Each structure stands twice: as C-alpha cells, then as structure tokens.
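In: here is my input; please provide its structure:
(chains A and B)
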Amino acid sequence: MKNQLYKAALLAALGLASATAAQAQVGPALGAGQVGLGFNDLAGPGSANNDYVINLGSFTLFTTTSIVNASINPTTFNTAFNTDPSALNNVAVGAVEGVGSVGGNIMLTAGTMPTVTTFAPIATGISDIAAVNTGEYSSSAGTPTAPFSKQVATSPISSVAGSVGALVANPLSYLSGGTASLTLWEATISGTSRTPIVSSWSELGTISVNANAGVDTISFTGVNATPEPTTYSLLGGAGLLFFGLRRPFRKKNA
Amino acid sequence: MKLNKFTSALIGLGIVSLAGAAHAATTIYLTGSTAARANIFTAATTAGQIFTGASVIDSPAPNNVNSANTIVYEGNIAGVGDVILNCSFTGSEAGIASVAGKPLNQTLFQAQDPNAAVGGTSYGLPGVPPKFLTPASGYTATALLSAIPGAPANPDLSMADTSQAVSQTPAPVLTDYGIVGIVPFTAMKGYESAPDATYGRVSNVPQTSLAEAVVVGEALNAFYLTGNPLDAADGIGIFGRNLGSGTKVNMMLNAAQLPVNQAVSQVAFNSTYPAATPGTLTFNGPYGPAGAAVVESGVANDGFDSGSGVQKCLNVDGSGKGIVYVGYLGLSDAKHAQLDDNTGAGGVGAAANSGTATYLSYNGVYESDNAVETGAYPWWGQEHLLGTAGQGAPATTVGDAIVTGLNAQLATIVNPGGNVTTAFQNALLPVPSMQVYRTQDYGTPVQGAWPIPYQFNH
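Out: I've put the predicted structure just below:
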C-alpha cells in the first residue's frame, strides 16, 4: 500500500500539499461527452469494494493524433482501496464516454475491438455512461448515486445486466503491479432518429495508467500521435525521477 | 404593499416612493415546481389558509390567474404582518438550485443545438436564477433578484416535486419543511388527424418499455408498447423535459425506474434553440397540417423547461411520420393537452391544425386519485417545500404558513372518482389520504399510512 507520509512530505516540499486535501466523496454525474476513467475492486475485501471515477475531460481531446495527460488523486485512491493489501493487482480500471442520438459517439477501452454495432445496446450503454457518478463511493451505492460498477462493469469478468459491459463490451482490465495499458476504441452514430447507424469501431489510442505510489499518472496517446522533442525530454526526466523516488519508497514500505 | 392602479400611477409619477413603502411589508420570494401552482393560488386567495385574512393579488393580468408562472400575493401572516409572496415558478430542480444559490447547467451538442460547440456547450438552465415580477414595474415586468432593490441574493423558498437528496443540488443542505402533498404524473400520446392502426393500439406504457423508449428513442418499435408484432414498423418518439424538471426526475425514478442522470433520447416538433435564449429549447409552431409543416428534431438528453412545451408538441398533428409520440406531464399540463388548449391567456383555445392528446395508462392503470392513494398507480412524487440553508424568521414563519395553508386547502379537495380518461383528477393530493408511502423519493410504495413526521415547523 502506498506510503502517505512519504508522499505528503514530498508534496509539501513541492508546495503541492493542498492537491491531496480533497475529501473522497460522490461527485457529479459524468454527463454526455466526458471521458470517465473508473477504478473498482471487486476482487478485494468488502471494505475495498468501492469505485473511484475520474473525469478526464471532453471526448474531443481524445483523437488519433492527440496526447492527454491526467493524474490520479492518491488520497482518493487510498481511501477507496487501502484495505486491500493487493490493491495494485486487484483493482480494475477502464474508461468510457458517450454522446447519445444521431451525431453522437461511444468510446470505451477494451482488450480487443468491440463488435457490437446494433443501435439499441449502444444507445443504452451511452445512457448508462452519462449517469455514472464521478468521485469515490461504494460500488453498491444506491439512488441517487449511479456507481461505475453498476452502470459499466463490476470487474473485468462480470457486469450487471443492462450495463455497458453486458451490452457492449467490458472496458475493465486489472492493474498489474499498479499499471495498466488500455486500448481506447470509438464508434459513431449517423443516420436518422428512426434508423440510426452505428459505425464499425476504430482504435483511437492507448490509455496508460500507473497507480503506483509517487507516480499516479494517466496518459492517453493517439495511435498516430507524435510526441514533441520536449515531451521525450520530460518523459525521460520523469523516468529518472521515478526511479530515484522508487528506492526510498520501497524502503518505507518494507 | 398593495399596488393598485392608482398606486402604480403615483409610483410612475414619482409621487410615491417604493423604497419608503417597502418598509410596510415583508417580501418573501417563492420559486420552484409548477405542480402545486394552482393549489398555492387557492390557498393564498382563500382567507384563513396561507394568509390569516383576506388577501389580494398585486400582479395585474395576465399574472393573476392560477396558471400564472409569475404572480404576487399579499396578505397578513401571524407573527410577520403584511407579507408579499412574490412567486416565480420555474421547475423543481431550477428552484432547488436557485434557493441553494448554485448554478445548474446542461451540455448541449451540435446534433441538437447548431449553436453549440463540437465538444458541447454548457448552458445555464432557464430559471436559474429565476426572474420575479418587480415592485418598480407595478409587478408587470420581471427581473433577477440582483436587480430588485432590497431583495435577497437567492429566493427564500422553493416548491419541489422531489427531495433535495435526489436533486442535482444536494448541497448545501436546505431548510426542509417536509412533504406538502403528493403530485401525480401521466403519459399521453400525441395528436394524429390520420392515425394508423399502430397508433390506435398504443394505449399503455409498461415500465420496462418506457425505460427502453426514453433511452433508445425512436429506433425502438411500438411493438414494445403494444406487444403486437404488427407494430414493429412504427417507432416511439418521446416528448419530455430537461434537467431542471421535477417531472423528468419523477419519470426517471418512479416510472422508468432509471438512475436520474441516465441520458435519454427525446424529440420535439417545430422547436429550435433561439440565439436570444441560448440553450433553451423553444416551441415555435405551427401545429400542422401534418407533413412538411411538422418538423421533428432530436434533442437527445434535452427537453423543454416547461410542461407547456411538451403539451404543445402533443397537440401538433404528428400523422404520417411512422412514429407514435408519447409525452410525460403533470396533470395540469395534461389537462390542457387533452383539451387542446394551446393559445390565449392561460393556454385556453386551440391553434389551427392542433388536436387533442390521449391519456395512456402506466402498467395497465390510468392515473386517478384512487389509484395513487391505494398504490395501484405509483407514478407520483412527493411535493416538498424547501428554504435557504439555515433559514430564520420571517421566512420560516411564511414557510410554515404555506405548509399550513396547503394542508387546509388540500383537506377540502374532492375525489372526482373515475380516472383521467373520465374526469379531471387532482394535481396535488393530501398526504393523509395516502394508503401507501415511500421512505424515500423513489421506489415501490409500501402499504400503510405515511410515517410521521413528514412535515417540519421552523
């Protein structure tokens, strides 16, 4: 489990202590057009059966040529899953987005390209996604909360009937050593209200998640994105910083 | 401060100072749901209900009838004295947000609103904050509270068809006066001058089919409503409300039984988003004739900010489109839809080419006082009165008086018998008449008298 004291000290030194001050709580519904990245932990003890959902921003940010960077709030992640000693392997993660009706679209992560192009399940999946509450809460929370687990999927191998995972594709993957690499797919809706047409799915790019202590990053890279030279430098620097911090962090955890 | 014509004239001439006169009365601003609007009208104009004696309506026509969304009452309330109750009914969610002093936005996309950005544009909902009739205009023009001298930053009180807990604005926690009545809703199908056979067979809305229809939209076949394989050719179009509507919240929670924020696929007839009112779906007409003059727009998760928009779409001639149009409304708007009242003061009078909407049953039961009270018809919500957070006198005294007044008014209503297809039913029912109750603002009612307390004096 993550070492909060070490991280707090580090953040304080960087003047970022307030960034972790946010209290874990139910946030607003994701809404249409917002990409939501959800964590849940059905594999852990009951006390860790929680959802943590992050709004990554508008779907327009996620294209085949774009790069999007975001972060995991370590305090919220720990609040949700710190009672699971194997959280960095038991927690599942996936991303979803949807805009309903003609002119809309659906995005989700999946290991292989989704195959569903029938409108009714796609429309229901999009509707499910819009209701998902952001923030941190119990996976089994009831009305007025609409948990990611109920609306999208409970784990990489299970979904509630009528949810995105059951109707379209299960977007979740387990973290492995705190990381996951998720392929993001998109389908669009054209045609008419009476006869809508769902396109075939296409790959947009990869969402890389690193929930390890002191990293807590989420990054999307479009399949055709070309990192700028400065980005390479930053990535290299971040890598050095990561390995520099990793040693003392592991000692603290030992 | 009673503003008759003579007083208004003196104000206009600058002979009488409103600032000076304002000390004579306490003004309380009431907003929120339109569902209890007519009941508040009766309770405010009947001596001994909200006001201790006779009262007057300060706002002139057309804002002096029980269907007016903006209206100003004046009378005495014990413990306060002369009270001006300035009302602007804009919808439940809009009311809760306004009293809480919070914004309430919704995102529209270009597929619905051509003025929106590609990635969607977030618009403030109409009525957040609400505009009230101003004393300076003799209660003939409206303005935001910020433009009314001496007015509070936020409205004092709001009616709401749902509790704050299931609303879009759960915080800050508002002052809760409790449940003042039960507010039923119904589904109707839109007018068709030349209906096909499928239209004739649509008479009922099952819960599961409603849930699918509001989510999937017109791609869903009318077969789901009728169970008849011959009805697979026609689709189902839904006319409905927007994020600020308690009617929509109740449709989602208690009729479709879906999470309140699940996205829906609604449509509208002859409606646009005027540049002058950004993000506001507006019905422009005409009501027909059927065919090219009737243009349908997909509005996805948006809808009308007032039940009258749904009512007007239901009165449009939707013949020949291969779609059976279904709308959901409160009983007052449903009554106008059935009577084809869509022009003139108070919505009375039928526009050219318009026609009557038809009531639909829900799970095989038509709405009626009896069916609601016995639990046979569960599509109803609890009407709440809410005040600003940490509210104190005199607003609390007026809030208590509204609760008392509505209780007195509802105790006098008469059960008309039958159902909505045979007699107009009551749009607000007294809690003591209920033989079933809910412990929260959603879910299946359970048998028994409503647990007390359900109202709270302050």
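In: count of neighbours near residue 211?
Out: As the question left the chain open, I've gone with chain A. Using other Cβ atoms under 10 Å in any protein chain shown, the number of residues around A:Ala211 comes to 24. In this view, the C-beta of every residue, glycine as well, is placed from N, C-alpha and C.
In: nope, chain B please
Out: 21.
In: helix, strand, or coil at it?
Out: Classification of B:Ala211 by DSSP: H, G, I helix; E, B strand; the rest coil places it in helix.
In: tell me who's in contact with the nearest residue to it once chain neighbours are set aside.
Out: Spatially, and ignoring its direct neighbours in sequence, B:Ala211 is nearest to B:Ala256 (4.1 Å; Cβ to Cβ, 6 or more residues apart in numbering or on different chains). With contacts defined as Cβ atoms under 8 Å, 6 or more residues apart in numbering or on different chains, B:Ala256 is in contact with B:207, B:210-211, B:214.
In: and the two most separated of the residues you listed?
Out: The distance between the two most remote of the contacts of B:Ala256 (Cβ to Cβ) is 11.1 Å, for B:Gln207 and B:Val214.
In: who has more neighbours, those two?
Out: A direct count of neighbours by other Cβ under 10 Å for B:Gln207 and B:Val214 places B:Val214 higher, at 26 against 16.
In: give me the residue from chain B nearest chain A.
Out: Nearest residue of chain B to chain A: B:Ala111, at 2.8 Å (Cβ to the nearest Cβ).
In: touching, that residue and A:Ser101? I think so.
Out: Yes: contact criterion Cβ atoms under 8 Å: B:Ala111 and A:Ser101 qualify, at 6.1 Å.
In: burial count for residue 183?
Out: This is for chain A. A:Thr183: 18 surrounding residues under other Cβ under 10 Å.
In: not quite, go with chain B.
Out: Neighbour count for B:Val183, taken as other Cβ under 10 Å: 30.
In: what of A:Val26?
Out: Counted by other Cβ under 10 Å, the residues lying close to A:Val26 total 19.
In: do the one 3 residues further on as well
Out: Look at A:Ala29: counted by other Cβ under 10 Å, it has 26 neighbours.
In: tell me, what's the model's pLDDT at it?
Out: A:Ala29 is assigned a predicted lDDT (pLDDT) of 96.
In: from chain B, how far out is it?
Out: Noted for A:Ala29: a distance of 4 Å to chain B, by Cβ to the nearest Cβ, to the nearest Å.
In: not counting sequence-adjacent ones, nearest residue to that residue?
Out: B:Asn261 (3.7 Å).
In: got the contact list for the one you found?
Out: Listed by Cβ under 8 Å, 6+ apart, the contact partners of B:Asn261 are A:29, A:31, A:130-131, A:133, A:146.
In: list phi and psi for it.
Out: phi -100, psi 10 (degrees, to the nearest 10).
In: what bridges to the spatially most central residue of chain A?
Out: In chain A, the centroid-proximal residue (Cα atoms, centre = their mean) is A:Leu37; its distance is 2.1 Å. For A:Leu37, the beta-bridge partners under DSSP bridges are A:Ile54, A:Ala95.
In: so it touches A:Thr217, yeah?
Out: No: counting by Cβ under 8 Å, A:Thr217 is not a contact partner of A:Leu37; they are 11.6 Å apart.
In: any shared contact partners between those two?
Out: A:70, A:209.
In: just the helices from chain B, written as ranges.
Out: Using DSSP state H, the helices of chain B run over B:5-13, B:18-21, B:37-45, B:92-100, B:197-201, B:207-216, B:223-226, B:246-250, B:307-315, B:331-339, B:369-374, B:395-410.
In: with mean pLDDT added, can I get these in CSV?
Out: Shown next, in CSV, are the helices of chain B (pLDDT from 0 to 100):
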stretch, mean pLDDT
helix B:5-13, 40
helix B:18-21, 41
helix B:37-45, 94
helix B:92-100, 95
helix B:197-201, 98
helix B:207-216, 97
helix B:223-226, 96
helix B:246-250, 95
helix B:307-315, 95
helix B:331-339, 94
helix B:369-374, 98
helix B:395-410, 97
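In: and A:Ala32, what pLDDT?
Out: 96.
In: next: A:Lys251.
Out: Predicted confidence (pLDDT) for A:Lys251: 37.
In: all strands for chain A, in order.
Out: Secondary structure of chain A (DSSP state E): strands located at A:26-29, A:34-40, A:50-58, A:67-71, A:92-99, A:105-109, A:133-138, A:173-174, A:179-191, A:196-198, A:202-210, A:217-222.
In: B:Asn363: which of the ones you listed is closest?
Out: Closest to B:Asn363 of the strands of chain A, according to Cβ to Cβ: strand A:26-29, at 27.3 Å.
In: is stretch B:162-181 positioned near chain A?
Out: Yes: contact of stretch B:162-181 with chain A (Cβ under 8 Å from any Cβ of the partner chain) involves B:165-167, B:170.
In: in chain A, where is pLDDT below threshold?
Out: A:1-24, A:227-254 (pLDDT under 70).
In: dump the residue contacts of the residue in it that chain B sits nearest to.
Out: Across chain A, the shortest distance to chain B (Cβ to the nearest Cβ) belongs to A:Gly103, at 2.8 Å. When the contact criterion is Cβ under 8 Å, 6+ apart, the partners of A:Gly103 are A:189-190, B:109-111.
In: which of those are buried?
Out: For the contacts of A:Gly103, a neighbour count by 16 or more other Cβ atoms under 10 Å in any protein chain shown gives the buried set as A:189, B:109, B:111.
In: out of all residues in chain A, which is the farthest from the middle?
Out: Chain A, farthest from centre, Cα atoms, centre = their mean: A:Arg194 at 32.9 Å.
In: right, and it touches B:Glu296 too?
Out: No: using Cβ under 8 Å, A:Arg194 makes no contact with B:Glu296, being 9.4 Å away.
In: quick one: contacts for A:Gln25?
Out: A:135-137.
In: can you pick the most crowded of the residues you listed?
Out: A:Glu136 (25 neighbours).
In: who's it bridged to?
Out: Beta bridges link A:Glu136 to A:Tyr52, judged by DSSP bridges.
In: distance of it relative to A:Val53?
Out: Distance, A:Glu136 to A:Val53, using Cβ to Cβ, to the nearest Å: 8 Å.
In: run a quick neighbour tally on the nearest residue to A:Gly38 once chain neighbours are set aside.
Out: Residue nearest to A:Gly38 in three dimensions, not counting chain neighbours: A:Phe148, with 3.8 Å by Cβ to Cβ, 6+ apart. Look at A:Phe148: counted by other Cβ under 10 Å, it has 32 neighbours.
In: isn't A:Phe148 up against A:Ile54?
Out: No: contact criterion Cβ under 8 Å: A:Phe148 and A:Ile54 do not qualify, at 10.2 Å.
In: any shared contact partners between the two?
Out: Residues touching both A:Phe148 and A:Ile54 (Cβ under 8 Å, 6+ apart): A:36, A:38.
In: kindly report the residues of the stretch 151-300 of chain B close to chain A.
Out: So the stretch 151-300 of chain B meets chain A at B:165-167, B:170, B:212, B:215-220, B:235, B:237, B:253, B:258-265, B:267, B:296, B:298, B:300 (Cβ under 8 Å from any Cβ).
In: go again with 7 Å.
Out: Residues of the stretch 151-300 of chain B lying close to chain A by Cβ under 7 Å from any Cβ of the partner chain are B:165-166, B:215-220, B:235, B:253, B:259-265, B:267, B:298, B:300.
In: show me the residues you listed that map onto strands.
Out: Checking these against DSSP E, those in strands are B:235, B:267, B:298, B:300.
In: among the residues you listed, which one lies nearest to B:Asp341?
Out: Looking across these and measuring by Cβ to Cβ, the closest to B:Asp341 is B:Val267, at 22.2 Å.
In: dump the residue contacts of the closest residue to that closest one other than its chain neighbours.
Out: Excluding its sequence neighbours, the residue lying closest to B:Val267 (Cβ to Cβ, 6+ apart) is B:Gly237, at 4.6 Å. By Cβ atoms under 7 Å, 6 or more residues apart in numbering or on different chains, B:Gly237 lies in contact with B:218, B:267, B:323, B:325.
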